[in-house]
Structures are given as C-alpha cells and as structure tokens.
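Asks: Fold the following and give me the result.
(2 chains, ligands or ions: 2)
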Amino acid sequence: MTQILMPALSPTMEEGKLAKWHVKEGDAVKAGDILAEIETDKATMEFEAIDEGRIAKILVPEGAEGVKVNAPIAELTQDGETAKPAPTQTKTIPSPLVGEGAPQARKGGNGHAVPAAPAAANLEDPAIPEGTEYINMTVRDALRDAMAEEMRRDPSVFLMGEEVAQYQGAYKVSQGLLEEFGPERVIDTPITEQGFAGVGVGAAFGGLRPIVEFMTWNFAMQAIDQIINSAAKTLYMSGGQMGCPIVFRGPNGPAARVAAQHSQDFASWYAHVPGMKVVSPYFAADAKGLLKAAIRDGNPVIFLENEIVYGRTFPVPKLDDFVLPIGKARVIREGAHVTLVAHSISVGLIMEAADILAKEGIEAELIDLRSIRPLDTDTIIESVKKTNRIVTVEQGWPVCSIGSEIAAAVVDAAFDYLDAPPLRIAGKDVPMPYAANLEKLALPTIDDIVAAAKAVLYRQ
Amino acid sequence: MARAEATAAANEAAPGPREAKRTMDGASTERQKKFYRDMLTIRRFEEKAGQLYGMGLIGGFCHLYIGQEAVVVGMQGALGQGDQVVTTYRDHGHMLACGMDPGGVMAELTGRITGYSRGKGGSMHMFSREKNFFGGHGIVGANVPIGTGLAFSNRYTKNGAVCLTYFGDGAANQGQVFESFNMAELWKLPVIYVIENNQYAMGTAVVRSTSETHLYKRGAAHNIPGEAVDGMDVEAVFEAGKKAILWAREGKGPYILEMKTYRYRGHSMSDPAKYRTREEVQEVREKHDPIDTFGARLVKQGVVKEDDLKAMEREIRAAINRAAEFASESPEPPPEDLYTDVLK
Ligand SMILES: Cc1ncc(C[n+]2csc(CCOP(=O)(O)OP(=O)(O)O)c2C)c(N)n1
Ligand SMILES: [Mg+2]
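Replies: Ligands and ions are numbered 1, 2, ... in the order given. As a prediction, this is how the structure comes out:
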C-alpha cells in the first residue's frame, strides 16, 4: 500500500485545490495516467501516476481547497514485482520551503504572511482624490491591467517576449492580452534576448512604444549591450534627435531555490546608467501606476518586478487612469526614531521589522523607494533630518549597492544630522547558493533589520 | 594526462568498463545491454526526482529528461576517454551517462553537502572534472560557446579530444550559437553540436520560433555538415555519433547532429503543458518510447530474455532508491560554506 501525497507543483506552492479526480476507487492505473487536476498558486496542473497499481481509497474529495503539500490524498495498492512502493514515498518530509524555518517574507502567492496593506500605514498617494474606492488585486493583475489599459489607449504600444502570448506569460503576467489584442501586438519571440531587445530598440526608433518582457532579468544579461549601448545612449549621441521610448520589464531579484544564475538583483546595475529610468515597485497600486507612466515615458525604462511578489494582494485605487510619477519615493509609515529604506520585496521586510520594533518602543519611519533612478534623495534626507539614523535594505549585493548610493547621499546632504553612521543591509557578497539553508543565510532577514535599527540607536 | 589518451580507436566502439568480451558480437551484445541499462537508469532516476520534488525535497526548477534518454546514451556510447561533455539545465541524464554517481547527483538536487556541487549548484548547475562533465548551465545558449571553447583547448593542446555540446531546439536560435558555429568551422575545432530537438522550448513549438525547422541545416551557412537522426533509437544515435566524432577527431572540424526526440514531462515541474495534447504525448510514449522499443528489439534478437530485463529493472530501482535515501539523509552544507569558493 502506497500513499499518494499532494504534490508540490511549483517552487512557491504550499497548498492547492484538488480540482478534479480523473480516477475513482478501484481503478487500475499505470505510470503516466492522469490521476487528478490540481490548482496551484499559478496554474491548474495535471498530476500523473508514477507507479502502477489500483486506487484503493480516495482520501481527499474533489473540490477540496487548501490541501497542504505532502498530505495523503489517496491510497494505491500495488501488485507485481516492478511496482514495489518506494520507501520514501510514504514518508512525509516537510518541504524546506514551507517548514517552520521558512522566512516569512518569502511566502507569496496565496496572501497569508503578506504584510497587511494600507490601513495603518500612510499609503494614500496624494494624487488620489478623497473617497476613491480601492479594490484588492495581485501585483500580477495590476501589471497586466496597466499594460492592457495603455494598449487600449495607444495603438503604438505592443508587447513582445518569450512565452508572453500563447503561454500567457511564463509567470502569467500577460494573461489574456493575446486574446484581447491579437498576435500583431502580443508577440512570442524565439529565445534570442539580444536579438529581440535590439528589435525593440529599432521599433522604438521607428516610432512605436514597445514593452519588452524578459522572462527574468537574469536573461537580460544576454541583451544588456542593446539596453545600454543602443537604448540608453542614443538620445545623447544623436544630439537629442532620436529617442527610445521603450519599457524593458520582468521579474528581478532572488527567486526561490533557483541558484546563482537565476537569482540576482539588477537594481544597482541599471541604476548606474545615465539615459534611462529604473523603477522597482512593491505594492500593486505602484506597480500599476508606475508601469503606465513607464509606457508613456519618452525614455527607456527598466521596470524591475519580483516573482515572489506577483501573487501578493494589495488595494489599488479604482480610477480610470491612474498614473504615478516616476522618481518619487513614498513614506509608507511615519516614525521618529530611525529611517528604514527599501524597494521591491524588501519593503515587506521593513514593514514587518517596524512592527517588531514598535513593540519595543522604537518608531521606525519607512520609505519605499519605488523608483531607483531617479532616486528620490529629498524624501530620504528629509526623513533622516527628523530621525537622525538610517538603515537601508535590499536583496542585491552589498558592493556598489543602492544602499551605498543612499549612504553617500545622506552623508553628503545631512552629515550634521546623523547620530550614527548609516547602516546597509544587503544580500551576502556571494553568488546565490542552492541549498535551502545557505540560501536563507544569503538573504537579508527581518532579524537583521531589527538588529541594525537597534544598532544605529545604540541599543543592544 | 588522461585526455591525451583519446584516440581515433575510441570511435570503434567506445568500450565501456563493463565490457569484457572482445569479439565483435560479444562486444555489441554487451553494448546493447549497457544501452538499455543506462537508459532505464536515467528514466528511473528522473521519475524518482519528480517524486522527491513533489515531496518538497527538491526546490526551484527541475527539468526532467524522460523521453530523451536514447540521445545521451547513444552519444556517450560513441565517445572516447578524455572527451568532454557540456550541456544545459536538462542535465541529469547527461551526468548519469557520463558515469557520475546517481547518489551524488540526487544529493545535489536536494541541496546537500554530498552533492556534486556541495549543495550550492542544484539541478541546473553541476560539474565533474573527473568525468569531464563541464556542466549544467542555466542560461539558454550560453553553453554553446563554452563547448566551442573546450574544443578550442583541445586543438590548442593537440590532446585528440572531442567536445560534445548538447543544446535544445529553442537554444538553437540564440545568436551566440551562430557565432560559435562560425568560429568552430573557421578554426576547425573538434566539437559536435548535438541539438536535442524535443520539439518544444517551454511552450513554444519549433514551428512557432524557427524559420528553418530542419535544425541540422543550421550549419550550412558556415559549411558545417549536419544530419538528422532518430533520437528515439539509441543505436541510430550511436551510429551517427561515431561518424561525427570521427570527423571531428580527424581534424575536419565541427559536426551538427539534430536529434529528433521528445520530452514526456512538462518543461519543468511547474509547467501545466497546455500547449500540446495529451494524445500527442501518449502517442509517442506508446509507439516510440526509446526504452520499450529497444527492450523489445533486444528480446526479439535474442540478446536478452524478458526475465533479464525484469532483473535489470529490479536492480536499477534498488540503486535509485538507495540514491534517493542518500540524498534525503545527507546533511545540508554547513553555514560557513556560504563564503567558500567565491575566489580561489
Ligand atoms: C537566456 C535565457 N533565456 C530564457 C531562459 C528561460 N528558459 C529556460 S529553458 C527555456 C526553453 C529552452 O528550450 P530548448 O532550448 O528547446 O531546450 P529544452 O528545454 O527543450 O531542453 C527557456 C526559455 C533561460 N534560462 N535563459
Ligand atoms: Mg526543446
């Protein structure tokens, strides 16, 4: 007798819905037969039998939601020598991703452990009229809506990249766009990053407004010559005649357990380059308002998203045309004792750290950078003049980091206000390791941030 | 230097360590059995990896090789000692075929200290200097210039070795592949480009990404000979591999082999595979499975009996279960390892 366990079907899945059984009790199955359909946080997947045998008992009924990974869902009896149950199959081993030790902020997808959005924090953007209704949506949907709205508004906007059309996006960000806009405007490319980035630049020179999706920013390193040498520098080199209104976007930063070549934050790489803008939002409303702004911008805009954040849900103002200015940070929580600055997924970390600090009587002021270039140093410096202490947080490497830049700016403009040297929390200075325990050690944690905040306050 | 021992003689039959008999018939029988055993080992290993992924023991991306076993087993059979191999992230089969230990590969998949990369590389990034396996590369197309560079080093040192560079139909479109072809032919580098055309790059069928779908013709503009091979037939792969390797070893330059093959599973574990029908997959599985068809051929030829295949199956399952246990029970790397091996 072998137990069939609820499978983990994606790197971020913790539980899922047992959408449909394809077999019933008493059915004989062989390897490769579909047993069931399972809905994960990303998609509905068919789940196949690995061994042959007979379904003795179905333990979880069709339609059951929230079935935990590794929970037994059926029992299989086996006969015949080749179908011996594998000993490990009956053991339930907690997933390294979902065990107690899993860092909270790396949970995504289904909403829990996601920091509660605005209420307490001052999240209202000044541009939003009083009384505007908010709807909850995922960052993924907010990005999709931004693209759809801009494509409806301007026929020169089009989307291209790997798997953006028929597959609906490798991370499902472009879901439904092919259907609405057709294959002329939602274009699947071959795996040729340098080539299609260059084609995008040429199309922008030709008067179109391309959105170029990189499946992840890791693969844009194939295309970085076109991004920097062709897109970013041409306006300058042409004495202002040419322009390159293009958005390069996709998931950036460490993902879960995909190791060094697929887990890297490029914020500081692109922030270094004059001639482009770099945006890296955390909240859904910012994702939407800033992506719309990026598409309308006359310059190349690097739009850095985050795979783990795609599934998080936040309120988005219900407005016909919600566009945010690129280059403005936002104070998302006010506090008098220490300034914590972050962007993208790290914003979730500083929010959690602030809650912990508050319990110890430390009021942190939180700044979500939203835009990396231009960097809103005014907002940061204003805050530091009030709190006299600053901690920066990011996932990228520490050397020549966003934090380094902020520390320099603060020392420049507010040296006399500082009561402690600025502290920088960053990813460790190593390629991302694969092993679950090492990966955890390589990334900033809430504890690191709490400790740093106390350190700049000279509390133990 | 072991690599210097690679000679044209290696093309003859690439005698494996298990091959005892010296007569031509005996040798080919032993080889056939080894092909079957190696393909089945890969199949069972991959199924087990899929299971461990489902249990949360393997994280991130995990690309299974199920369906494509004949390609790597046939090619490795044609390779000589000292020859090199470099491939993509779909690399578990290649490592096993290079003679790497299933326990060490599985332990890397589970991120343990006993894995080939001490837990730091994972499924996509594994290496064995001892077995001349140069990775395991996560960036599509990037391993092609690397394989070309290994061949460059072979020609430079005149060690007589050939480099097998495996990549997918999707990777074949990357610019650096064309750049590599040009240099390889220009400098007559001993490299075999093995294009594993499994008909899809994630969800994109070859016809949707590629203007000339006969990928073996890709070298024509550079004067590189190319050939399409039934990649579901291990013996056809072996014959084509021998010929191509001999060509490269004799200093005639690169060779392209387009292996027509098929992957049964999703691109990686989280692929819902909506871009093809289940019938399409079933059809290949039932009619062209590289292991089943080859097993039936061996029985028909009287090389083995059904019972022999069953015995082999039992033995392999036991070995793979041992590998899985090893991989589940080995410890994670110690925290200090975070900072090791960044620089020499
Ligand atoms: C430069 C780059 N772009 C995109 C990806 C994401 N990606 C990984 S595998 C893959 C499909 C490759 O297909 P193919 O070359 O046919 O190989 P197969 O997976 O079929 O073995 C893609 C798009 C990547 N890893 N690297
Ligand atoms: Mg392919």
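
Asks: residue in chain B nearest to chain A?
Replies: residue B:56 (2.4 Å; Cβ to the nearest Cβ). C-beta coordinates here come from the backbone N, C-alpha and C atoms, glycine included.

Asks: what's the distance between that residue and residue B:125?
Replies: Residue B:56 sits 20 Å away from residue B:125, going by Cβ to Cβ, to the nearest Å.

Asks: and what of residue A:219?
Replies: 15 Å.

Asks: what residue ranges in the chain score low on pLDDT?
Replies: As the question left the chain open, I've gone with chain A. Across chain A, residues meeting the criterion (pLDDT under 70) sit at A:79-127.

Asks: I was after chain B.
Replies: Using pLDDT under 70, chain B drops low at B:1-24.

Asks: and the residue of chain B closest to chain A, how many neighbours does it have?
Replies: If you count neighbours by other Cβ atoms under 10 Å in any protein chain shown, residue B:56 ends up with 24.

Asks: Could you pull up the residues touching the single nearest residue of the stretch 101-250 of chain A relative to ligand 1?
Replies: Distance from ligand 1 to each residue of the stretch 101-250 of chain A (Cβ to the nearest ligand atom) is smallest for residue A:219, at 3.6 Å. Neighbouring residues of residue A:219 by Cβ atoms under 8 Å, 6 or more residues apart in numbering or on different chains: A:193, B:139-140.

Asks: Also residue B:103?
Replies: B:114, B:322-323, B:326-327.

Asks: Now the buried members of the contacts of residue A:219.
Replies: Among those, those buried by neighbour count (16 or more other Cβ atoms under 10 Å in any protein chain shown) are A:193, B:139-140.

Asks: re earlier: pick the one among the contacts of residue A:219 closest to ligand 2.
Replies: Ligand 2 has its nearest neighbour among the contacts of residue A:219 in residue B:140, at 9.7 Å by Cβ to the ion.

Asks: for the closest one, helix, strand, or coil?
Replies: coil (DSSP: H, G, I helix; E, B strand; the rest coil).

Asks: Look up how far ligand 2 lies from residue A:302.
Replies: 29 Å (Cβ to the ion, to the nearest Å).

Asks: same thing with residue A:257?
Replies: Per Cβ to the ion, residue A:257 is found 23 Å from ligand 2.

Asks: ok, and the closest non-adjacent residue to residue A:189?
Replies: Take residue A:189 and drop its neighbours on the chain: the residue closest to it by Cβ to Cβ, 6 or more residues apart in numbering or on different chains is residue A:196, 4.3 Å away.

Asks: how about the one you found, what does it touch?
Replies: So residue A:196 contacts A:160-161, A:189-190, A:212, A:223 (Cβ under 8 Å, 6+ apart).

Asks: Distance of the residue of chain B closest to chain A relative to ligand 2?
Replies: Distance, residue B:56 to ligand 2, by Cβ to the ion: 27 Å.

Asks: try residue A:351
Replies: Taken as Cβ to the ion, the span from residue A:351 to ligand 2 is 42 Å.

Asks: What of residue A:195?
Replies: In terms of Cβ to the ion, residue A:195 sits 18 Å off from ligand 2.

Asks: how long is stretch B:248-267 end to end?
Replies: One end of stretch B:248-267 to the other measures 32 Å (Cα to Cα, to the nearest Å).

Asks: Do any residues in that stretch lie close to ligand 2?
Replies: No: Stretch B:248-267 lies out of reach of ligand 2 by Cβ under 5 Å from the ion, never closer than 7.1 Å.

Asks: Can you pull the residues of chain A lying near ligand 1?
Replies: With the criterion set to Cβ under 6 Å from any ligand atom, chain A comes near ligand 1 through A:162, A:191, A:193, A:215, A:219, A:222.

Asks: quick one, phi/psi of the first one?
Replies: Residue A:162 adopts backbone torsions of phi -80, psi 130, taken as degrees, to the nearest 10.

Asks: so can I have CSV of the contacts of residue A:219 showing distance to residue B:166?
Replies: Formatted as CSV, those follow (distance: Cβ to Cβ, whole Å):
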residue, distance to residue B:166
A:193, 21
B:139, 14
B:140, 12
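
Asks: coming back round to it: mind telling me what element the residue nearest to residue A:189 is part of?
Replies: Per DSSP states H and E: residue A:196 is located in helix A:193-205.

Asks: what does the next helix or strand after that helix rub up against?
Replies: Later in the chain than helix A:193-205, the nearest helix or strand by DSSP H and E is strand A:209-213. Outside strand A:209-213, the residues within contact range by Cβ under 8 Å, 6+ apart are A:147, A:154, A:156-162, A:164, A:169, A:173-174, A:196-197, A:200, A:203-204, A:245-250, A:295.

Asks: Which of those residues fall within strands?
Replies: Here DSSP state E is the test, and those give A:157-161, A:247-250 as lying in strands.

Asks: where along the chain do the helices fall?
Replies: Answering for chain A, as no chain was given. Assigned by DSSP state H, the helices in chain A fall at A:139-153, A:177-181, A:193-205, A:224-225, A:234-237, A:267-271, A:284-296, A:346-359, A:377-387, A:402-414, A:436-442, A:446-456.

Asks: other chain: chain B
Replies: For chain B, the helices defined by DSSP H cover B:10-13, B:24-54, B:69-78, B:92-97, B:102-109, B:143-157, B:175-186, B:206-209, B:234-249, B:278-288, B:290-300, B:306-329.

Asks: Identify whichever of these lies nearest to residue A:6.
Replies: With Cβ to Cβ, the closest approach to residue A:6 among the helices of chain B belongs to helix B:24-54: 8.2 Å.

Asks: just the angle between that closest one and helix B:102-109, please?
Replies: 30 degrees (axes from the mean of the first three to the mean of the last three Cα atoms, to 10 degrees).

Asks: Tell me which other helices or strands helix B:24-54 touches.
Replies: helix B:10-13, helix B:69-78, helix B:92-97, helix B:102-109, helix B:234-249, helix B:290-300, helix B:306-329 (3 or more Cβ pairs under 8 Å, 6 or more residues apart in numbering or on different chains; DSSP states H and E).

Asks: now that helix: how far from the chain's centre is it?
Replies: Helix B:24-54 sits 12 Å away from the centroid of its parent chain (Cα atoms, centre = their mean, to the nearest Å).

Asks: Look up how far residue A:193 lies from the one residue in the stretch 351-460 of chain A that gets nearest to ligand 1.
Replies: Here the stretch 351-460 of chain A gets closest to ligand 1 at one residue, residue A:432, 14.9 Å apart by Cβ to the nearest ligand atom. According to Cβ to Cβ, residue A:432 and residue A:193 sit 20 Å apart.

Asks: Also residue B:203?
Replies: 17 Å.

Asks: can you check residue A:269 too?
Replies: Taking Cβ to Cβ, one finds residue A:269 at 15 Å from residue A:193.

Asks: ditto for residue A:72
Replies: 43 Å.

Asks: Please apply the same query to residue A:223.
Replies: 4 Å.

Asks: Residue A:416 now?
Replies: 47 Å.
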